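In: Structure here, sequence nowhere to be found:
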């Protein structure tokens, strides 16, 4: 598993779990980065203390143009970074229409929350 220090590493790990590693991708980088932006907002809501070292300044990854895959994702301690991958995967799985995907989406989002809360 990657260190998840950059946006690109987070998206690559998300693609691995989504089984979306062959170009052309099913999920564009911008969609995955948007999901990460939402995950950050949700994490701030339920675990504000994670952002205390940054004085609660939340990062935002711009998706209006080319996504900067080299952008740092180091505002959260390393042990919580995998949780953001779970959120991205769960959110993308919710977009799919298949019944089996719904179960997987719920499982991933549950894992995201459990990881953040340390359960």
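Out: Great, that's in hand. Since the structure is predicted, the reported quantities are computational estimates derived from the model, not experimental observations.

In: Please make it C-alpha for all contacts and neighbour counts, starting now.
Out: Fine.

In: would you list every one of the helices in the chain?
Out: 7-18, 29-46, 78-95, 99-117 (DSSP state H).

In: and residue 64, which of those is closest to it?
Out: helix 29-46 (7.8 Å; CA to CA).

In: Give me the buried positions along that closest one.
Out: Within helix 29-46, the residues that qualify as buried are 29-30, 32-41, 43-44, counting by 16 or more other CA atoms under 10 Å.

In: In TSV, list the residues you listed along with pLDDT and distance to residue 105.
Out: Formatted as TSV, the buried residues of helix 29-46 follow (pLDDT from 0 to 100; distance: CA to CA, whole Å):
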residue	pLDDT	distance to residue 105
29	97	19
30	97	19
32	98	14
33	98	17
34	98	17
35	98	13
36	98	15
37	98	18
38	97	15
39	97	14
40	96	18
41	96	19
43	96	17
44	94	21
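
In: Just give the number of residues close to residue 27.
Out: Neighbours of residue 27 under the rule other CA atoms under 10 Å: 13.

In: Contact partners for it?
Out: Residues in contact with residue 27 (CA atoms under 8 Å, 6 or more residues apart in numbering) are 20, 92.

In: Could you tell me how many residues sit around residue 14?
Out: Neighbours of residue 14 using other CA under 10 Å come to 23.

In: ok, it touching residue 87?
Out: No: using CA atoms under 8 Å as the test, residue 14 is too far from residue 87 to be in contact (9.0 Å).
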